[in-house]
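*Asks:* sequence below, structure please.
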Amino acid sequence: MVVDSVVLEGRSIRVTAQRYGVSKSWVFELVRRYREGGAEAIVPQSKAPKTNPRSVGPVMEERIIAMRKELLDFGGDAGAETIHWHLEEAGFSPPSVATIYRLPKRRGFITPEPRKRPRASYVRFEASLPNECWQTDMTHWHLSDGTEVEILTFLDDYSRRVMACDVFVTVTGSDVRHVFAHTCSVFATPASVLSDNGAIYNARSRGGRTGFESDLLERRVLYKHSTPYHPQTCGKVERWHRTLKKFLAKHPAATLFEMQAVLFDVVRYYNEVRPHRARNRQTPLAAYEGRDKMPAGTLIDQPHHRIRFDIVDVRGHVTLRYLGKLRHLNVGWAYRGQPIRLYVVDEHVDIVTEDGELVGEIVLNPEKDYQPITRTHST
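*Replies:* Numbering: from 1, shown residues only. Now for the predicted structure:
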């Protein structure tokens, strides 16, 4: 329309510029282009560069796609960061992680996932040294004919190294004790163990103690268990089982012997080859061997001090967690509904009212859940 105003309608460049709200130089430039090249000369042209020196060549693009397919077929992690790591290990100069992600996405190999809860919103525990804490759990799988089996895992919390991974028809308490003892003989005994509340691990719901718990006490290992219906507490071993099942789906086994062989290969790849995001792209084996190990007894033997505020319940009790278990402290009926303070130094607990009255003391017995009090006076 700007060119028509000058060429066809005979208006001046100044009037045309005022009419369409553009500069006189721009009107002059459009008219010049039209007279030299016709209507095609004034069609807007792309300002994108003709070449991009940072673009990924077809050879590298195909290499990225092939590696992604190879990792998926094997059952491994095929994320952009993992592909980038493998390309560097192979001696190539790969593009950025963001570019590696965009290439398969552009070709339709990646389906965008729904937005997840941001990582910054999670508060999670992480051990500071190898062997500070082992997580353990059991998961279900099946043989190629559909027969159900169970897989038992021990995993180091700090390095994410899989310490043991064995398959059974049904995991029993004896299996847990045997696998743990054998793993300790190979890698040394950890300072603590974290599990869920399964009957193969603890007898909390039955008011007793399992052989596994007795083994931990004998080895001076602090035993911790997750809150019921809160699997996130054992999230690292749960996440390993998710990774494991991706492998198992790609490598079916007909017998327990065959599946144990598959587990051996998977654990070797996971520990020694696959880089782990949580360990700054180190392999779990490198992270485990890169630092000193925390010996057994460290977490039990170290002095423990704390002050706890509580209110005595209707039975005259308060609760206190000690050595991974919730203990019931018998304060007394006379103090029902009253706020109190618990001064804890290792296994010694002084019970004091808000007015400063010393009710008595308790020496915690790890063999008992209900702890009697030694009173300073009769109530």
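*Asks:* give me the nearest residue to Ser128, chain neighbours excluded.
*Replies:* Tyr158 (6.8 Å; CB to CB, 6 or more residues apart in numbering). Where you see a C-beta, it was placed from the backbone N, CA and C, and this is true even at glycine.
*Asks:* report the separation between that neighbour and Lys368.
*Replies:* 33 Å (CB to CB, to the nearest Å).
*Asks:* so who does Cys133 touch?
*Replies:* Ala127, Asp156, Asp157, Tyr158, Pro190, Ala191, Ser192, Val193, Leu194, Lys224 (CB atoms under 8 Å, 6 or more residues apart in numbering).
*Asks:* which among those residues gets closest to His178?
*Replies:* Val193 (14.9 Å; CB to CB).
*Asks:* residues in contact with the residue most central in space within the chain?
*Replies:* Central residue of the chain (CA atoms, centre = their mean): Lys236, 5.1 Å from the mean position. Each residue near Lys236 by CB under 8 Å, 6+ apart is listed here: Gln135, Leu155, Asp157, Arg160.
*Asks:* before we move on, what SS does it have?
*Replies:* Three-state call for Lys236 (DSSP: H, G, I helix; E, B strand; the rest coil): helix.
*Asks:* state the pLDDT value of it.
*Replies:* pLDDT recorded at Lys236 is 88.
*Asks:* does anything pack onto the helix or strand harbouring Met67? Which helices or strands?
*Replies:* Secondary structure assigned from DSSP states H and E places Met67 in helix 58-74. Helix 58-74 is packed against helix 80-89, helix 97-106, helix 235-250, with contacts defined by 3 or more CB pairs under 8 Å, 6 or more residues apart in numbering; DSSP states H and E.
*Asks:* recalculate using a threshold of 6 Å.
*Replies:* helix 97-106 (3 or more CB pairs under 6 Å, 6 or more residues apart in numbering; DSSP states H and E).
*Asks:* can you pull the contacts of Pro95?
*Replies:* Each residue near Pro95 by CB atoms under 6 Å, 6 or more residues apart in numbering is listed here: Val56.
*Asks:* ugh, typo on my part, it should be Arg14
*Replies:* Lys24.
*Asks:* phi and psi next, for it.
*Replies:* Torsion angles at Arg14 (phi, psi; degrees, to the nearest 10) stand at phi -60, psi -50.
*Asks:* and it, how far from Glu126?
*Replies:* From Arg14 to Glu126 the distance is 72 Å (CB to CB).
*Asks:* okay, the contacts of Lys236 in TSV with pLDDT next?
*Replies:* Shown next, in TSV, are these (pLDDT from 0 to 100):
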residue	pLDDT
Gln135	93
Leu155	95
Asp157	93
Arg160	93
